[in-house]
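Trainee: My questions concern the predicted model and sequence given below.
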Amino acid sequence: MPGLADIEIRLLIEAVFLRYGHDFRDYSPASLKRRVLQARERMGAASISALQERVLHDAAEFSQLLQYLTVPVSEMFRDPPYFLALRQQVIPVLRTYPSIKVWVAGCSTGEEPYSLAILLQEEGLLDRTILYATDINHASLDKARQGIFGLEAVRAFTRNYQRSGGLRSFSDYYTAAYGGALFDKSLRDSITFADHSLATDSVFSETQLVSCRNVLIYFNRKLQDRALALFHESLSHRGFLGLGTKETLDFSGYAGRFDVVSRAERVYRKAAR
């Protein structure tokens, strides 16, 4: 029998879905519980039920809750070997296309799409690429569109960039401004940021590369397979899929529909069959 907190969480998540259309019902229960309890404490609610009442009656309260439910944490060139694998094994294939579409699903505050934009620019492909970056968190998307990151974070980004096979000085891509680093307008203009839910929305474009990293770990198996179905449908013939280091297609319903390009770096290619 579920405990009281588990019941309250289920009611809260159902209320969020009915009131705002954001569907967390198939997120990993353990991860969801941890984040809801953290939100209750930091938002000063006496109970999860009290938090639910506030969220239902005040959209601003929901926006605050969403920051805890969606975990908006990332880094540019996070897991450098992944970007090195893209540079060495995926880019040569993308180069053969007259035009390219890339989808970063669950883009958080924009670190991943900016990383890909830099990589594509260095490889001479950005001018013929449409780069879509999607998330369900409007506050994260707004921050991503600004292209401004803290200087302390940029120092870590620089190390990641160098290890990922970067070809230039990382400082070439930003200007110190607003107490942080403002990334070049050419990079910002190359990315279309949009609201999209892997839990409820459908495919919106055919793409040659989908990068969805450190997102599926927060989903249960049912929602993981739904997301993988979207990626498979979105990808063109023999398109590429990149996942996070703790994620895998093994044991999923789509394991047989992708070929392994780099198992260690979690890069896959849509099977021809």
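Mentor: Yes, it's here.

Trainee: Helices of the protein, start to end?
Mentor: Listed in chain order, the helices of the chain (DSSP state H) span residues 4-20, 29-42, 48-57, 59-69, 80-85, 91-94, 111-122, 138-146, 151-163, 185-189, 221-234.

Trainee: Out of those helices, indicate the one that is most buried.
Mentor: The highest mean neighbour count among those, using mean count of other CB atoms under 10 Å, belongs to helix 111-122: a mean of 24. Backbone N, C-alpha and C define where each C-beta goes, glycine included.

Trainee: can you tell me which residues contact the nearest residue to residue 78 once chain neighbours are set aside?
Mentor: Excluding the flanking residues, the one nearest residue 78 by CB to CB, 6 or more residues apart in numbering is residue 160, at 6.4 Å. Taking CB atoms under 8 Å, 6 or more residues apart in numbering, we find residue 160 in contact with 75, 76, 77, 78, 80.

Trainee: Can you list the low-confidence ranges for this protein?
Mentor: Low-confidence segments of the chain, defined by pLDDT under 70: 1, 71-73.

Trainee: Specify the residue ranges that define each domain of it.
Mentor: With automatic domain parsing as the criterion, the domains of the chain are listed as 4-69, 80-270.

Trainee: What is the neighbour count of residue 261?
Mentor: A total of 18 residues lie near residue 261 under the criterion other CB atoms under 10 Å.

Trainee: wait, what's in contact with it?
Mentor: Residue 261 is in contact with 85, 89, 90, 240, 267, 268, 269, counting by CB under 8 Å, 6+ apart.

Trainee: The most centrally placed residue in the chain: what's its closest spatial neighbour, skipping adjacent residues?
Mentor: In the chain, the C-alpha closest to the average C-alpha coordinate belongs to residue 106, at a distance of 2.3 Å (CA atoms, centre = their mean). Distances taken as CB to CB, 6+ apart place residue 215 nearest to residue 106, at 3.7 Å, with adjacent residues excluded.

Trainee: got it, and residue 77?
Mentor: Distances taken as CB to CB, 6+ apart put residue 160 closest to residue 77, at 3.6 Å, once the chain neighbours are dropped.

Trainee: May I have stretch 161-176 exported as PDB, CA atoms only?
Mentor: Provided in PDB are the C-alpha atoms of stretch 161-176 (Å, rounded to 0.1, in the frame of the first residue of the first chain):
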ATOM      1  CA  TYR A 161      35.600  22.200 -25.200                       C
ATOM      2  CA  GLN A 162      39.300  21.600 -25.300                       C
ATOM      3  CA  ARG A 163      38.800  17.900 -24.400                       C
ATOM      4  CA  SER A 164      36.100  17.500 -27.100                       C
ATOM      5  CA  GLY A 165      38.500  18.300 -29.900                       C
ATOM      6  CA  GLY A 166      37.700  22.000 -30.200                       C
ATOM      7  CA  LEU A 167      39.600  23.700 -33.000                       C
ATOM      8  CA  ARG A 168      39.800  27.300 -31.800                       C
ATOM      9  CA  SER A 169      40.100  29.300 -28.600                       C
ATOM     10  CA  PHE A 170      36.800  29.000 -26.800                       C
ATOM     11  CA  SER A 171      36.900  32.700 -26.000                       C
ATOM     12  CA  ASP A 172      36.400  33.300 -29.700                       C
ATOM     13  CA  TYR A 173      32.700  32.400 -29.200                       C
ATOM     14  CA  TYR A 174      31.600  34.800 -26.600                       C
ATOM     15  CA  THR A 175      32.100  38.400 -25.200                       C
ATOM     16  CA  ALA A 176      32.300  39.200 -21.500                       C
END
